[in-house]
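In: Provide a 3D model corresponding to the input given below.
(one chain, ligands or ions: 1)
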Amino acid sequence: MQTVFVKNFTLPELENWVESIGERRFRARQLFRHIYARRVRSWQECSDLSKMFRVQLEFGTQLDALTLIEKREAEDGTKKYLFELHDGHSIESVLIPDPPRQTLCISSQVGCALGCKFCVTGSLGFKRNLSVAEIVDQICQVQREHARITNLVFMGMGEPLANYDSVQKAMQIMLDPNGMAFSHRRITVSTAGLIPQLQRLGKESPVNLAISLHAPDDELRTRLMPINTKYPLAQLMEACREYPLPPRKRITFEYILMDGINDEPTHARKLITLLHGVRAKVNLIPLNPHPDIPYFQPPEQRILDFQEILQNARINTLIRQSRGSDIRAACGQLAAQYCRTAKA
Ligand code: SF4
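Out: As a prediction, this is how the structure comes out:
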């Protein structure tokens with residue numbers, strides 16, 4: 001019999017599965033509560049289930065989809081978790097304390113096919129999509145150690161919209177009041193700009209949207225992000241203008257600042273033109289340098305000047321300091337190091 005990963009199921013799917021093995025549908029809600037509210041480590045902890053059902057669960061299902069193999073804490077409190085998957089691949093999640101928020105950055109794929117030139121994950125290539133269980137288990141496992149996670153961002157390894165169905169189902173579990181019970185205001189999906197899936201997301205989910213922009217014109221963006229050839233900026237920005245944003249929400253544009261590449265005042269001015277007509281806010285992120293990336297962090301004054309130009313144009317602009325650089329907390333860096341060590 002094939003092992004069933006229970007965290008792959010949304011609540012309606014779990015109800016169907018429970019019924020298919022001869023139990024009553026309401027048992028699914030009990031299981032959901034044990035898995036996501038009580039965060040049990042074993043079915044034996046679920047004393048309100050019959051002994052026979054527990055034995056059935058014990059032998060036919062797998063509660064955890066990930067094994068924590070390494071945890072590092074940076075001087076600034078950022079924590080990075082490296083998980084092993086059942087097929088030996090590894091992924092990572094990063095917990096970023098920013099009181100009162102505690103944001104968990106989660107992965108959606110092993111590696112990534114989009115090959116952005118400033119990204120360590122991109123340099124790993126694409127291995128496979130994560131299952132629903134592998135996505136939600138990153139949250140469960142970190143919650144077991146740190147009771148409070150306030151925000152979730154799909155900004156770890158992978159392009160979440162390239163794994164649309166699993167990400168969408170995982171978000172149903174995150175949003176389900178019987179499941180993880182996160183508010184849609186606390187979940188952000190970040191994409192390099194897969195337009196068809198982005199349009200689908202707008203129709204199907206009220207979560208926050210972030211666009212990994214990183215360049216204000218096609219020539220530079222194509223150089224940094226090859227996906228721009230398929231979905232150039234004019235199309236991407238049109239999709240953003242048409243995105244069905246709930247009232248008071250804005251689209252976040254992530255812009256990693258790289259020394260001498262995209263950090264000149266001319267780039268800032270082009271960015272202002274590009275964002276015209278979009279309810280936007282901009283996060284400027286000074287690059288977290290890495291030996292595998294041929295780019296560097298700009299001097300502080302250039303970062304501040306860039307921000308000032310945007311703010312003078314009344315664009316809400318924050319500088320997000322790179323967190324946990326002493327533990328390689330930028331996207332894909334710990335997994336990349338682990339892969340290299342494993343290969344050595
Ligand atoms: S930045 Fe995101 S989309 Fe680009 S290669 Fe890295 S993980 Fe993939």
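
In: Quick check: mean pLDDT of the top strand by length along the chain?
Out: Ranked by residue count under DSSP state E, the longest strand found in the chain is strand 90-98. Taken as a whole, strand 90-98 has an average pLDDT of 93.

In: which bits of this protein sit near the ligand?
Out: 112, 114-116, 119, 121-122, 157-159, 192, 212, 331 (CB under 6 Å from any ligand atom). Using the backbone N, CA and C atoms, a C-beta is placed for each residue, glycine as well.

In: Please repeat the previous calculation with a cut-off of 8 Å.
Out: Contact residues, the chain versus the ligand (CB under 8 Å from any ligand atom): 109, 112-116, 118-122, 155-159, 190-192, 212, 225, 227, 331-332.

In: what about burial for those residues, which qualify?
Out: Neighbour counting by 16 or more other CB atoms under 10 Å classes 109, 112, 114-116, 118-122, 155-159, 190-192, 212, 225, 227, 331-332 among the residues of the chain next to the ligand as buried.

In: Could you pick out which of those residues are located in helices?
Out: The helices, defined by DSSP state H, take in 120-122, 227 from those.

In: Which parts of the stretch 151-300 of the chain are helices?
Out: 164-175, 195-204, 218-224, 227-230, 233-242, 265-274, 300-312 (DSSP state H, counting those that start in this stretch).

In: which of these sits most buried?
Out: Burial of the helices of the stretch 151-300 of the chain is given as mean neighbour count (mean count of other CB atoms under 10 Å); helix 164-175 ranks first at a mean of 22.

In: could you dump that helix to CSV, C-alpha only?
Out: Provided in CSV are the C-alpha atoms of helix 164-175 (Å, rounded to 0.1, in the frame of the first residue of the first chain):
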residue,chain,number,x,y,z
TYR,A,164,0.6,26.8,-9.1
ASP,A,165,-1.7,23.9,-8.1
SER,A,166,0.3,22.8,-5.1
VAL,A,167,0.9,26.4,-3.9
GLN,A,168,-2.8,27.1,-4.3
LYS,A,169,-3.8,24.0,-2.3
ALA,A,170,-1.2,24.8,0.3
MET,A,171,-2.7,28.3,0.7
GLN,A,172,-6.2,26.8,1.2
ILE,A,173,-4.7,24.9,4.2
MET,A,174,-3.0,28.0,5.4
LEU,A,175,-6.2,30.0,5.2
